[in-house]
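Novice: Based on what follows, work out the 3D shape:
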Amino acid sequence: MIAEDDKIIVAIDESWSNDYSITIRGWLISKKAGLDKVEIFVDRNRVPITVWYPRPDVTAIYPQYQTQNCGFVVHLPRLSQHQVTFNTHGQGETYEKTVVFDGSLPLPL
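Specialist: Sure, this is the predicted structure:
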């Protein structure tokens, strides 16, 4: 799932859950400026990003934007549906993007 507006592109590549939590993996880039910080809020609660990593596939598709280390993994308390808000900060600008998605089972290994 990709959500895009004139400031931010955010993608949820995968989500999975167990009895206690849901994990989402995806990427986020700013169309306007490099990002200094990204905060994720789920149902109005701040959830820390546990891992940021490079996404060469995203860089290949969006070479015009700063995409280094745009991939993330985050763990959320388990709910059937989440509203996730990304707040981005960079070069004096702040942007916000909200997406809603359902959790799903992990892909088979």
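Novice: only C-alpha atoms for contact and neighbour calcs from this point on.
Specialist: OK.
Novice: and the residue nearest to D13 when sequence neighbours are not counted, what are its bridge partners?
Specialist: Computed as CA to CA, 6 or more residues apart in numbering, the closest residue to D13 that is not its neighbour in sequence is G26, at 4.7 Å. According to DSSP bridges, the partner residues bridging G26 are I12, F72.
Novice: try V47
Specialist: With DSSP bridges applied, the residues forming beta bridges to V47 are I40.
Novice: In contact with the residue nearest to D13, which residues?
Specialist: Counting by CA atoms under 8 Å, 6 or more residues apart in numbering, G26 makes contact with V10, A11, I12, D13, E14, G71, F72, V73.
Novice: how deep is the last one tucked in, by neighbour count?
Specialist: Right, V73. 18 (other CA atoms under 10 Å).
Novice: Which pLDDT value goes with it?
Specialist: At V73, the model reports a pLDDT of 91.
Novice: That one: what's its closest spatial neighbour, skipping adjacent residues?
Specialist: Among residues not flanking V73 along the chain, R25 sits closest, at 4.5 Å (CA to CA, 6+ apart).
Novice: distance between the least confident helix or strand in the chain by mean pLDDT and the chain's centre?
Specialist: Ranked by mean pLDDT, DSSP states H and E, the helix or strand of the chain with the weakest confidence is strand 45-47, at a mean of 78. Averaged C-alpha coordinates place strand 45-47 at 13 Å from its chain's average position (CA atoms, centre = their mean, to the nearest Å).
Novice: just checking, next helix/strand downstream of that strand?
Specialist: strand 49-53 (DSSP states H and E).
Novice: Please identify the buried residues of that next one?
Specialist: W52 (16 or more other CA atoms under 10 Å).
Novice: again with stretch 36-56
Specialist: Buried residues in stretch 36-56 (16+ other CA under 10 Å): V38, I40, F41, V42, V47, W52, R55.
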